[in-house]
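> below are the sequence and a predicted model for it; my questions follow.
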Amino acid sequence: MKHKVIKKQQNSKKCLVCGLKNDLGLKTSFYELENGELVAIFTPIEEHQSYPERMHGGIAGAILDETIGRAIMIKDKNIWGVTVELNVKYKKPVPLHEELRVVGRITRDSSRLFEGTGEILLSNGEVAVTAIGKYMKMPIEKIANFDEADQEWQTVWSDQDPSEIEL
Ligand SMILES: CCCCC/C=C\C/C=C\C/C=C\C/C=C\CCCC(=O)SCCNC(=O)CCNC(=O)[C@H](O)C(C)(C)COP(=O)(O)OP(=O)(O)OC[C@H]1O[C@@H](n2cnc3c(N)ncnc32)[C@H](O)[C@@H]1OP(=O)(O)O
């Protein structure tokens, strides 16, 4: 089913998952959908491998972690979370050099904690990796000394940005 993209989220400078100036990073784009889910799109490269041609499980955990952690921002872009628990299940190998979609959503939201689930989808739509994450909400100034401009926290548009995403 196709879902309309309603917003593209910000990227950063050096984050492993979303930093556009991290040469070894995933350079992921994040899209908020009209159904309340968040989709991450990225293409793993050779530097993300474990066994040859297979994406590293730690990278799978990292992309799921950030996709679930960012899904809370659909509701309020000023909620920042730090991961306190992440449970990852590896069901199928994830190949390199293919564009992947990762879907995340929030399943529980309380004043201090939120929880969510996510999946990495293969190009044929099969679910390769799933995760459940728990996050503690924290004011951004308590997480780190972030300067939005210095960290290049901004929406970066591209010709490749989809207006709809098939899930
Ligand atoms: C504006 C410019 C921005 C630029 C941004 C640039 C880049 C950003 C990129 C993306 C950002 C967007 C979104 C990203 C979202 C996610 C992505 C990944 C995030 C991470 O990659 S982040 C790294 C890994 N992560 C950590 O680095 C956490 C390390 N950890 C700690 O820092 C402490 O652990 C802390 C502070 C969490 C708590 O410590 P603490 O000392 O404050 O609190 P304490 O332990 O006393 O617990 C207080 C109450 O929480 C309960 N509690 C604790 N843990 C619990 C659990 N697991 N389950 C259930 N309840 C739990 C206790 O039971 C107690 O409850 P009670 O008060 O009722 O007793």
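Yep, that arrived.

> residues touching the residue nearest to Glu152 when sequence neighbours are not counted, list them.
Once flanking residues are discounted, Glu152 sits nearest to Lys13: 4.1 Å by Cβ to Cβ, 6 or more residues apart in numbering. (Each C-beta comes from the backbone N, C-alpha and C, glycine too.) By Cβ atoms under 8 Å, 6 or more residues apart in numbering, the contact set of Lys13 is Gly19, Leu20, Lys21, Asn22, Asp150, Gln151, Glu152.

> list the helices and strands the helix or strand Leu64 falls within packs on?
Element membership for Leu64, per DSSP states H and E: helix 57-71. With contacts taken as 3 or more Cβ pairs under 8 Å, 6 or more residues apart in numbering; DSSP states H and E, helix 57-71 sits against strand 38-42, strand 81-90, strand 100-109, strand 113-121, strand 127-137.

> in that helix, what counts as buried?
By neighbour count on 16 or more other Cβ atoms under 10 Å, the buried set for helix 57-71 is 59-71.

> filter those by proximity to the ligand?
Asp65, Glu66, Gly69, Arg70 (Cβ under 6 Å from any ligand atom).

> Glu141 and Asn78: what is the separation?
According to Cβ to Cβ, to the nearest Å, Glu141 and Asn78 sit 12 Å apart.
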